[in-house]
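> give the three-dimensional model of this entry:
(one chain, ligands or ions: 2)
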Amino acid sequence: MINCIFCRIASGQAPAAAVLETPGVLAFLDIAPVHYGHTLVIPKEHYPTLLELPDDLWREMGMVSRRVAQALRTTLEAQGFNIGMNNFEAAGQAVPHAHLHVIPRYFQDGLHLFPQKSYRPGNLEKTAARLRQVLTGG
Ligand code: 5GP
Ligand code: ZN
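Numbering: from 1, shown residues only. Ligands and ions are numbered 1, 2, ... in the order given. Predicted coordinates for the structure are as follows:
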């Protein structure tokens, strides 16, 4: 994809600070990090979201992400890490080339994840039943 910044990075047409490369996957530093070491893990081929991504590449991205996370802990003294993925614009995906964020975390970093709410009575069971229907047919 000629206009995709991550395709351009994967093919060497645009610069990036790479940290790890495997046959199908590239990991490089996010240009606007949550914390230093915030890394993006992408398939070298263009797939817009997780839903188009072949299983073997998804697995490879997971393995690369885990290696990066381990390195963040040993090298940058990360006390924890988040692995996140925004899929589709409604979820905050700005670059439509599938990618995982590996974000180092620290006890005192003051970041909060998503606010949570509670189910109205009966709605937890109803929601699970709808999902089960699609996922398992029962
Ligand atoms: P998204 O919101 O799509 O999940 O995240 C896209 C991420 O890509 C953002 O965190 C943004 O900082 C990063 N990003 C966007 N353009 C570039 C770029 O040209 N180089 C690098 N290294 N990161 C980028
Ligand atoms: Zn792309």
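
> what strand or helix carries residue 19?
Under the criterion of DSSP states H and E, residue 19 resides in strand 18-21.

> name the residues of the following helix or strand past that strand that are buried.
Next along the chain after strand 18-21, taking DSSP H and E as the criterion, comes strand 25-29. Neighbour-count burial for strand 25-29 flags 25, 26, 27, 28 (criterion: 16 or more other Cβ atoms under 10 Å). In this view, the C-beta of every residue, glycine as well, is placed from N, C-alpha and C.

> just the residues you listed that are near ligand 1?
Near ligand 1, judged by Cβ under 6 Å from any ligand atom, the entries from the buried residues of strand 25-29 are residue 28.

> enumerate the beta-bridge partners assigned to the spatially most central residue of the chain.
Taking Cα atoms, centre = their mean, the centroid of the chain lies closest to residue 100, which sits 1.9 Å from it. In this entry, residue 100 is beta-bridged to residue 41, by DSSP bridges.

> which residues touch it?
Applying Cβ atoms under 8 Å, 6 or more residues apart in numbering, one finds that residue 100 lies in contact with 40, 41, 42, 61, 62, 65, 83, 84, 85.

> most surrounded residue in those?
residue 41 (28 neighbours; other Cβ atoms under 10 Å).

> ok, it - contacts?
For residue 41, the contacting residues are 25, 26, 27, 61, 64, 65, 68, 99, 100, 102, by Cβ under 8 Å, 6+ apart.

> how close does it get to residue 129?
35 Å (Cβ to Cβ, to the nearest Å).
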